[in-house]
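Engineer: this one's sequence-less:
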């Protein structure tokens, strides 16, 4: 704060910033503005449809294995308590561990394989834009999100049970389609965006 000779105070304030842009290289600051140069920073690719097939497959398989192992293990505990040949603690504990391990691993492995197959088939349908090929998007844009999950569920069930014969494979595919249809209908009634949970066809 400076004082003039007539007693008035003169406050110059903070110095103004330097707005000269001679030292700024636009091609390193904002390549999105269309200025391209040799030192353009690298950006990660963005998938507009969400996660890729491999990432989705690992996420679905991991979650399915955990859920299958958990529920199968709980069911195995119940079966172990019912099937125990003796009321002695050691025998009962052994029976519970055997049954929970058997049912838990079986359910976890089965659901994990289903999740891998489903993710691969759904990713394949998304890659080739199956709903556009079938013309579903033109008929009903709201139902377009139903096509890829339905295809994935049908093909996963048919592939998994294919060695058991065509009738069993067709039944498994129909059950997969029914599961997706029921889920889609429930989400539509409740007003929940279909596929918003990020797990399989939920």
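Structural biologist: Now that the structure is in, tell me what you want to look at. Since this is a predicted model, take the numbers as computed values, not measurements.
Engineer: Just give the nearest non-adjacent residue to residue 162, would you?
Structural biologist: residue 169 (4.7 Å; CB to CB, 6 or more residues apart in numbering). Bear in mind the C-beta positions are built from the backbone N, C-alpha and C, glycine included.
Engineer: Give me the number of neighbouring residues for that neighbour.
Structural biologist: Number of residues near residue 169 (other CB atoms under 10 Å) recorded here: 17.
Engineer: Please name the residues that touch it.
Structural biologist: Residue 169 makes contacts with 157-159, 161-162, as judged by CB atoms under 8 Å, 6 or more residues apart in numbering.
Engineer: List phi and psi for it.
Structural biologist: phi -60, psi -40 (degrees, to the nearest 10).
Engineer: pLDDT wise, what is it at?
Structural biologist: For residue 169, the pLDDT comes out at 95.
Engineer: same thing with residue 30?
Structural biologist: pLDDT, residue 30: 55.
Engineer: likewise residue 4?
Structural biologist: pLDDT at residue 4 comes out at 53.
Engineer: Next, the buried residues of stretch 118-131.
Structural biologist: Of the residues in stretch 118-131, 118-123, 125-126, 130-131 count as buried by neighbour count, 16 or more other CB atoms under 10 Å.
Engineer: And the contacts of stretch 80-90?
Structural biologist: Identification of contacts with stretch 80-90 by CB under 8 Å, 6+ apart yields 91-92, 95-100.
Engineer: So which of these is the closest to residue 183?
Structural biologist: residue 100 (28.9 Å; CB to CB).
Engineer: Please name the nearest non-neighbouring residue to residue 146.
Structural biologist: Among residues not flanking residue 146 along the chain, residue 184 sits closest, at 5.1 Å (CB to CB, 6+ apart).
Engineer: before we move on, back to that, helices - which of the contacts of stretch 80-90 land there?
Structural biologist: Using DSSP state H, 91-92, 95-100 are the members of the contacts of stretch 80-90 that sit in helices.
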